[in-house]
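Engineer: kindly generate the corresponding structure for this input.
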Amino acid sequence: MLTYILRRLGATTLVLLVASFIVYTLTAISQDPLNDLRGSSAPNREELIAFRIEQLRLDLPIPVRYFTWLGGAAKCLVPFVLECDLGRSFSRSYQPVTEAVSTAAASTIQLVTAATIVAIIFGITIGILTALRQYSGFDYTVTFMTFIVYSLPIFWIAVLLKEFGAIRFNEFLNDPVITIPAVLITGAVWGLIIMSILGGSWKRRLISFASAFVAAGGLLFLLGVTGWFERPQIGIIGVILTGIGAAFGVTAISTGLSNRRALYASLITVGVWAALYQPLQFLFFYVPTAWMLLGLAVAAIGIGIGVGVLIGGDGKKETARTAAIVSFITFFVVIVDRVMLVYPDYVDRIPGSGVIATIGSRTPGLQGDMWFQILDGFAHLVLPTIALALVSLAAYTRYSRASLLEVMNQDYVRTARAKGLTERTVVVRHAMRNALIPIATIIAFDIGALIGGAVITETIFAWKGMGALFVDGLDHGDVNLVMGFFLVTGILAVVFNLIADLLYSALDPRIRVS
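Structural biologist: The predicted structure is shown next:
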């Protein structure tokens, strides 16, 4: 495998060198970087022109300037030893390009990571459900909705989200009144969704609809009566209920509910987090740091693995995996609960601006601890994340549905059914693993492309990321800025394509990397 990786990296390095030379040359000849100074009426115009020529080395031929830039970029391959030098951006007051790119990349990665995780989880899940419920009302409805979302322009989706996801929702949060029609509509919508997913006889459908209607409508009514929207929190009861639901759901998918050891291990991890709930509140208050959260996340996985190994019996691996996932989910709910506690104070500090932000990535001048910053980041992240995730989610839903349907018609799936394996085992262990192979390629390409910057989305939401950096570089003919963008996106494209190839061998044992 190491030989294969080195061979691929060598080939792609040559491609990047040729592509970078072409991009550098085209950008350099497309605009005159001195154009704004030539038309300036400043008394020191000649000195400014001479300074820019010296800084950008415009007195040298383009090929020489390219290889000079390449020499500085090569230093980036040896971090902590050589100082990475990508030149300076004259359109940004001669700021080092490394600083501009690092700031923009961090902002874009934050946005893309959230959107990609949401799109992958929900897109693949919905696609699998529609494939298993082929030609049902649920399948037709999801297919219709995904085609609509996939065909909508992203700027229109963003505008709708601003109107209904921010402005109208913020108005509701200012005076949260739950009406009876809202309760009935919410219950009916969730009843139809659950009824369509579960299917079965009409008796089973009616029972599913009634149960979901009462649960969703009753929960919304309870939240309105208790004033939850004014002081939202999950609490220890919510943590326990969510953890129990995750234990049953993850166990059903991972090993099946017949594996009692995995279910008991998952429930034990939920009990551990319930016991730690109150002590953690003191830790959250006195030690609110990112390293603390990282340590707790590692501890959550370790708790699940430890419990799974202790009571896993012959299936330690499956039990530990299931318990670790449930433990991490429960830990995440505990963190969300802690962030919710600062909501009333957060609203008081941003009077009139609304909880859901429509522009920017942070509230300027907001003072507060880590929990305030997390809530503020979420308030700014939610709309652009949904805008990007909706389009990707629609694509992943269609691709995963088509891929799973194709796999389900293969001979080995029919053989697995003929052997008497349960439907869960057939779908999860045999069909879904092979169905994910083409999805891995699509996801790898999408992540590489999105990190390059979602130009339209970033522009609408005033999100200063890689897309905005690239547009600024092109507008001003700033070669160094454009090449900094190219270097990051080009390397990421290579890396994610290599990851996709390696995933093939992990998903399909017939494929070997050699």
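
Engineer: C-alpha only now, for contacts and for neighbours.
Structural biologist: Noted.

Engineer: got the buried residues for stretch 106-118?
Structural biologist: Residues of stretch 106-118 classed as buried by neighbour count (16 or more other C-alpha atoms under 10 Å): 107-112, 114-116, 118.

Engineer: can you map out the helices along the stretch 201-350 of the chain?
Structural biologist: 202-225, 235-254, 260-286, 290-311, 316-340, 343-349 (DSSP state H, counting those that start in this stretch).

Engineer: compare those and give me the one nearest residue 436.
Structural biologist: Of all these, helix 235-254 sits nearest to residue 436, with 15.8 Å by C-alpha to C-alpha.

Engineer: gap between stretch 3-21 and the chain center?
Structural biologist: 28 Å (C-alpha atoms, centre = their mean, to the nearest Å).

Engineer: and that stretch, average pLDDT?
Structural biologist: For stretch 3-21, the per-residue pLDDT values average out at 82.

Engineer: element containing residue 495, please.
Structural biologist: Assigned by DSSP states H and E, residue 495 falls within helix 479-507.

Engineer: and that helix, what does it pack onto?
Structural biologist: Packing partners of helix 479-507 (3 or more C-alpha pairs under 8 Å, 6 or more residues apart in numbering; DSSP states H and E): helix 2-30, strand 88-89, helix 97-132, helix 432-451, helix 466-476.

Engineer: just those: most buried one?
Structural biologist: Mean neighbours per residue, mean count of other C-alpha atoms under 10 Å, is largest over these for strand 88-89, with a mean of 23.

Engineer: nearest to residue 294, out of the helices and strands packed on helix 479-507?
Structural biologist: Using C-alpha to C-alpha, the helices and strands packed on helix 479-507 put helix 97-132 closest to residue 294, at 16.5 Å.

Engineer: past that closest one, which element shows up next along the chain?
Structural biologist: Per DSSP H and E, the first helix or strand lying C-terminal to helix 97-132 is helix 137-151.

Engineer: what's the angle from that following helix to helix 97-132?
Structural biologist: Relative orientation of helix 137-151 versus helix 97-132 (axes from the mean of the first three to the mean of the last three C-alpha atoms, to 10 degrees): 150 degrees.

Engineer: what mean pLDDT does the very next helix or strand once past helix 137-151 have?
Structural biologist: Going down the chain from helix 137-151, the next helix or strand is helix 154-160, by DSSP H and E. The average pLDDT within helix 154-160 is 85.

Engineer: about what we covered before: now the helices of the stretch 201-350 of the chain in a markdown table, with distance to residue 443, mean neighbour count and mean pLDDT?
Structural biologist: Formatted as a markdown table, those follow (distance: least, C-alpha to C-alpha, whole Å; neighbours: other C-alpha atoms under 10 Å; pLDDT from 0 to 100):
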| stretch | distance to residue 443 | mean neighbour count | mean pLDDT |
| --- | --- | --- | --- |
| helix 202-225 | 33 | 17 | 89 |
| helix 235-254 | 22 | 19 | 90 |
| helix 260-286 | 30 | 19 | 91 |
| helix 290-311 | 25 | 18 | 91 |
| helix 316-340 | 22 | 23 | 93 |
| helix 343-349 | 35 | 15 | 85 |
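
Engineer: distance to residue 37 added to those helices, as a markdown table?
Structural biologist: What follows is the helices of the stretch 201-350 of the chain, written out as a markdown table (distance: least, C-alpha to C-alpha, whole Å):
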| stretch | distance to residue 37 |
| --- | --- |
| helix 202-225 | 61 |
| helix 235-254 | 61 |
| helix 260-286 | 54 |
| helix 290-311 | 46 |
| helix 316-340 | 50 |
| helix 343-349 | 44 |
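
Engineer: of those helices, which approaches residue 166 most closely?
Structural biologist: Residue 166 sits nearest to helix 343-349 of all the helices of the stretch 201-350 of the chain, at 14.4 Å, using C-alpha to C-alpha.

Engineer: could you export the closest one as CSV, CA atoms only?
Structural biologist: Taking C-alpha atoms only, helix 343-349 is exported to CSV below (Å, rounded to 0.1, in the frame of the first residue of the first chain):
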residue,chain,number,x,y,z
TYR,A,343,-29.4,30.9,25.9
PRO,A,344,-31.2,33.5,28.1
ASP,A,345,-28.1,35.5,28.8
TYR,A,346,-27.0,35.2,25.1
VAL,A,347,-30.4,36.7,24.0
ASP,A,348,-29.9,39.6,26.5
ARG,A,349,-26.5,40.4,25.0
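
Engineer: buried stuff in whatever helix or strand comes next after that helix?
Structural biologist: For helix 343-349, the following helix or strand on the C-terminal side (DSSP H and E) is helix 370-408. Across helix 370-408, burial judged by 16+ other C-alpha under 10 Å covers 371-373, 375-405, 407-408.

Engineer: who are the packing partners of helix 370-408?
Structural biologist: Identification of packing neighbours for helix 370-408 by 3+ C-alpha pairs under 8 Å, 6+ apart yields helix 97-132, helix 137-151, helix 154-160, helix 316-340, helix 432-451, helix 455-460.

Engineer: now, among the buried residues of stretch 106-118, which is nearest to residue 495?
Structural biologist: Using C-alpha to C-alpha, the buried residues of stretch 106-118 come closest to residue 495 at residue 109, 15.0 Å.

Engineer: and the gap between that closest one and residue 487?
Structural biologist: Distance of residue 109 to residue 487, computed by C-alpha to C-alpha, to the nearest Å: 15 Å.

Engineer: ok, back up a step: switch the helices and strands packed on helix 370-408 over to CSV; also include distance to residue 286.
Structural biologist: Shown next, in CSV, are these (distance: least, C-alpha to C-alpha, whole Å):
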stretch, distance to residue 286
helix 97-132, 27
helix 137-151, 45
helix 154-160, 39
helix 316-340, 13
helix 432-451, 36
helix 455-460, 36
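
Engineer: nearest to residue 197, of those?
Structural biologist: That would be helix 137-151 among the helices and strands packed on helix 370-408, by C-alpha to C-alpha, at 6.2 Å.

Engineer: and the angle for the closest one with helix 370-408?
Structural biologist: Using the same axes, to 10 degrees: helix 137-151 against helix 370-408 is 120 degrees.

Engineer: ok, now how distant is the spatially most central residue of the chain from residue 97?
Structural biologist: By C-alpha atoms, centre = their mean, the chain has its centre lying nearest to residue 114, at 2.5 Å. Between residue 114 and residue 97 the computed distance is 26 Å (C-alpha to C-alpha).

Engineer: can you check residue 427 too?
Structural biologist: Distance from residue 427 to residue 97, by C-alpha to C-alpha: 49 Å.

Engineer: which of the helices of the stretch 201-350 of the chain sits closest to residue 12?
Structural biologist: Nearest to residue 12 among the helices of the stretch 201-350 of the chain is helix 290-311 (34.5 Å), distances taken as C-alpha to C-alpha.

Engineer: who are the packing partners of the closest one?
Structural biologist: Contacting helix 290-311 under the criterion 3+ C-alpha pairs under 8 Å, 6+ apart are the following elements: helix 260-286, helix 316-340.

Engineer: chain center to that helix: distance?
Structural biologist: Helix 290-311 sits 22 Å away from the centroid of its parent chain (C-alpha atoms, centre = their mean).

Engineer: and if you look at stretch 249-256?
Structural biologist: That offset, for stretch 249-256, works out to 24 Å (C-alpha atoms, centre = their mean).

Engineer: next one: stretch 462-473
Structural biologist: Relative to its chain's centre, stretch 462-473 lies at 19 Å (C-alpha atoms, centre = their mean).

Engineer: got it, and stretch 141-154?
Structural biologist: Relative to the mean C-alpha coordinate of its chain, stretch 141-154 is positioned 20 Å out (C-alpha atoms, centre = their mean).
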